[in-house]
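Asker: Need a 3D model of the sequence below.
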Amino acid sequence: MDEFPKDPAILMSYLNMKLRDFYINLDDLCADMGIDRRELEDYLAANNLEYNASLNKVW
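Answerer: Next up, the predicted model:
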């Protein structure tokens, strides 16, 4: 996860841009970027963020 922004607000914006423009869901993003979905979701939760599958957004 070194390639992701460390600031939670910037991370949320970065992931939402990727999800909006390139990926239909978080699984596709993780597979393409070679990261573990569980690790990403744990990192998001630690920063008071979560992925909403129905909206395909992090908030």
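
Asker: for residue 44, what are its contacts?
Answerer: When contacts are counted by CB atoms under 8 Å, 6 or more residues apart in numbering, residue 44 touches 11, 50, 51, 58. (Glycine included, C-beta is placed from N, CA and C.)

Asker: Now with 7 Å, please.
Answerer: Listed by CB atoms under 7 Å, 6 or more residues apart in numbering, the contact set of residue 44 reads 50, 51, 58.

Asker: secondary structure element for the residue located most distally from the centre of the chain?
Answerer: Ranked by distance from the centre of the chain (CA atoms, centre = their mean), the top residue is residue 54, with 14.1 Å. Per DSSP states H and E, residue 54 falls between elements, in no helix or strand.

Asker: can you give me phi and psi for it?
Answerer: Main-chain dihedrals, residue 54, degrees, to the nearest 10: phi -70, psi -30.

Asker: same thing with residue 57?
Answerer: Main-chain torsions, residue 57, degrees, to the nearest 10: phi -140, psi 150.

Asker: residues touching it, list them.
Answerer: Listed by CB under 7 Å, 6+ apart, the contact partners of residue 57 are 16, 19.

Asker: All good on my end, thank you.
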